[in-house]
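Novice: sequence and predicted structure below; questions after.
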Amino acid sequence: MMSHRLSVLQVEEAHAVGSPEFIHTPQYICEPLSSFFNFELVLKVETINPIRSFKGRGADYLISKAAETQLICASAGNFGQAMAYACRKAKKKLIVYASVNANPLKVDRMRLLDADVILFGEDFDAAKEEARKISRQKNIRFVEDSVDIETLAGAGTIAIELTKTFSSIDVLLVPLGNGALLNGVARVMKEKSPKTKIIAVQAQGASAMVDSWRAGSLISYEHIDTIADGIGVRLPVEQALQDMKGLVDGARLVEEKSILQAMKLLHEHAGLVVEPSGAVGIAALLENKSDFRSQQVAIILCGGNLTQTQMKQWL
């Protein structure tokens, strides 16, 4: 294994101190979906917790180590909720920058969790640049998902749980946004289950990270166009691309119609409400069914925050 800035020991520590509401999430072979796809499908469900996403694992660990009384971050919604939840518990102040187009449910939730939410810019990356600028001006620590190592360590705890139960996963599909989930999980899998292939999945309309990884250099875009807001990145995170080296075996870009079909399938066959970003792994299976024949495939369903309107429209 090549050297990596995240150690598996640190992931194990994050798991040992993790809050019970975020760790030991359901993981099982989903028989209805396995028979639909005609191969064994393992679901790792990260939507059944107070913020309905896996982000609580990393935020919780980060805040347990933070000395500051006030922090600032940017979020499409799920990381901000996780940070707000952890900060409220630790009696720390939090400012979150989110896009003016952010999911209103996620914005409301962040505010209900006592975060000071400031809406700025047309998308997540614009909000993030502003948050970084304000953090410098006001000398408040800027926490960046996928750059702060604790966000990777927290995400990596998912793989610790998966490998304890399933020893023969052939392929693991992981949604790729800023990269904390992918890099945390892949780091642990490569150590504990080296034969498992790690596939990163993004929406075709927001492919900056996959395109950059494939090209071996930073590729950014003016706009993104996808319903998968949680992984909608147009400016790739350089650190995350560094971290991906040697950990990722392949990548898939999925179409919007496949994402919608994936959400419906999960609702119908597993009784789950999964947001577009969480369903992209299933979308990749829909588009590439024959590639996974007779293998054990695992999917991380990383979030389930949908507005009522979205549920009516999409499910």
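Specialist: Ah, there it is. Since we're looking at a predicted model, the values are computed, not measured.
Novice: so where's the stretch 1-150 of the chain shaky on pLDDT?
Specialist: Scanning the stretch 1-150 of the chain for pLDDT under 70 picks out 1-2.
Novice: mind listing the helices for it?
Specialist: Here the stretch 1-150 of the chain has its helices, by DSSP state H, counting those that start in this stretch, at 8-17, 31-37, 55-65, 78-89, 104-112, 124-138, 149-165.
Novice: quick one: strands adjacent to the helix or strand that the longest one is followed by?
Specialist: Moving toward the C-terminus from helix 149-165, the first helix or strand encountered (DSSP states H and E) is strand 171-175. Using DSSP bridges, the strands paired with strand 171-175 in its sheet are strand 197-203 (parallel), strand 296-301 (parallel).
Novice: adding mean neighbour count, write the ones you listed out as TSV.
Specialist: To be clear about C-beta, it is placed using only N, CA and C from the backbone, and glycine gets the same treatment. Supplementary listing: those in TSV, determined by neighbours: other CB atoms under 10 Å:
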stretch	mean neighbour count
strand 197-203	25
strand 296-301	25
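Novice: out of those strands, flag the one nearest E161.
Specialist: Nearest to E161 among the strands paired with strand 171-175 is strand 296-301; the distance by CB to CB comes to 10.7 Å.
Novice: ok, residues contacting the closest one?
Specialist: With CB atoms under 8 Å, 6 or more residues apart in numbering as the test, strand 296-301 has contacts from 37, 39-47, 54, 158, 162, 166, 168-175, 181, 185, 196, 266, 272, 274, 278-279, 281-282, 285.
Novice: tilt between that strand and helix 149-165?
Specialist: Orientation of strand 296-301 against helix 149-165 (axes from the mean of the first three to the mean of the last three CA atoms, to 10 degrees) gives an angle of 140 degrees.
Novice: could you flag which of the contacts of strand 296-301 are buried?
Specialist: The neighbour count (16 or more other CB atoms under 10 Å) marks 37, 39-47, 54, 158, 162, 166, 169-175, 181, 185, 196, 266, 272, 274, 278-279, 281-282, 285 as buried among those.
Novice: report the secondary structure element holding the most centrally placed residue in the chain.
Specialist: The centroid of the chain falls nearest to L181 when counting by CA atoms, centre = their mean (4.8 Å). Taking DSSP H and E as the definition, L181 sits inside helix 180-192.
Novice: show me what that helix is packed up against.
Specialist: helix 8-17, helix 149-165, strand 171-175, strand 197-203, helix 238-244 (3 or more CB pairs under 8 Å, 6 or more residues apart in numbering; DSSP states H and E).
Novice: the first one packs against which elements?
Specialist: When you say that, I think you mean helix 8-17. helix 55-65, helix 149-165, helix 180-192.
Novice: select, out of the ones you listed, the one closest to Y28.
Specialist: Using CB to CB, these put helix 149-165 closest to Y28, at 8.6 Å.
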